[in-house]
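Participant: Sequence first, then the predicted structure:
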Amino acid sequence: MNHLTLLLLHLFAAFIFVGTVFFEVLMLEGIRQRVPRESMRSVEVAIGQRARKFMPFVIIVLYGAGITMAWQYRAVLASPFSSTFTIMLWLKIVLALSVLVHFVTAIRLSATHRLTAKHFKYIHLSVFLHMLVIVFLAKAMFYLH
């Protein structure tokens, strides 16, 4: 698969993933105080069920394309502190792995019916902050030297 195709797959999957997280953190948390608790819980459950249907495929495309693109930089990644680009790429990879751990944790907690509102809020806020840094790094690593 050529680099442009990988880049576009990665970009579109990132839009979906980041957009979903932004919506949940900025929109849902913003209306929580205005919507009755039971209604809000119903909305969260419905969104969670919908996300579980397609988000695994988004994650596979996002990480699959990301790993394939990172493989092209394996020579530079072998020397983590050799350049600003390499440092930022390593940081981006570490943060992406952390997001994956958050995602798997949320799925497991949800599957075992232990995903509380507190867990939901913490995981989404953490992933949101991770994503802000990842998006910054994705652009900055090609411009900051």
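Facilitator: Cool, got the structure.
Participant: Please report the distance of Leu144 from Leu8.
Facilitator: From Leu144 across to Leu8, the span is 24 Å (C-beta to C-beta, to the nearest Å). (C-beta placed from N, C-alpha, C; glycine too.)
Participant: whoops, Phe81 was the one
Facilitator: Distance, Phe81 to Leu8, by C-beta to C-beta: 31 Å.
Participant: Next, the contact list for Arg32, please.
Facilitator: Met40 (C-beta atoms under 8 Å, 6 or more residues apart in numbering).
Participant: sorry, back to before: neighbour count: Phe81 and Leu8, which is higher?
Facilitator: Leu8 (12 against 8; other C-beta atoms under 10 Å).
Participant: For the helix or strand harbouring that one, buried residues please.
Facilitator: Element membership for Leu8 (DSSP states H and E) is helix 3-22. Within helix 3-22, the residues that qualify as buried are 6, 9-10, 13-14, 16-18, 20-21, counting by 16 or more other C-beta atoms under 10 Å.
Participant: Phe81 contacts Leu89, correct?
Facilitator: No - Phe81 lies out of contact with Leu89 (C-beta atoms under 8 Å); the separation is 11.5 Å.
Participant: Pull out the buried residues from the helix or strand of the chain with the lowest mean pLDDT.
Facilitator: When the helices and strands of the chain are scored by mean pLDDT, DSSP states H and E, helix 29-31 comes last with a mean of 88. Within helix 29-31, not a single residue qualifies as buried, counting by 16+ other C-beta under 10 Å.
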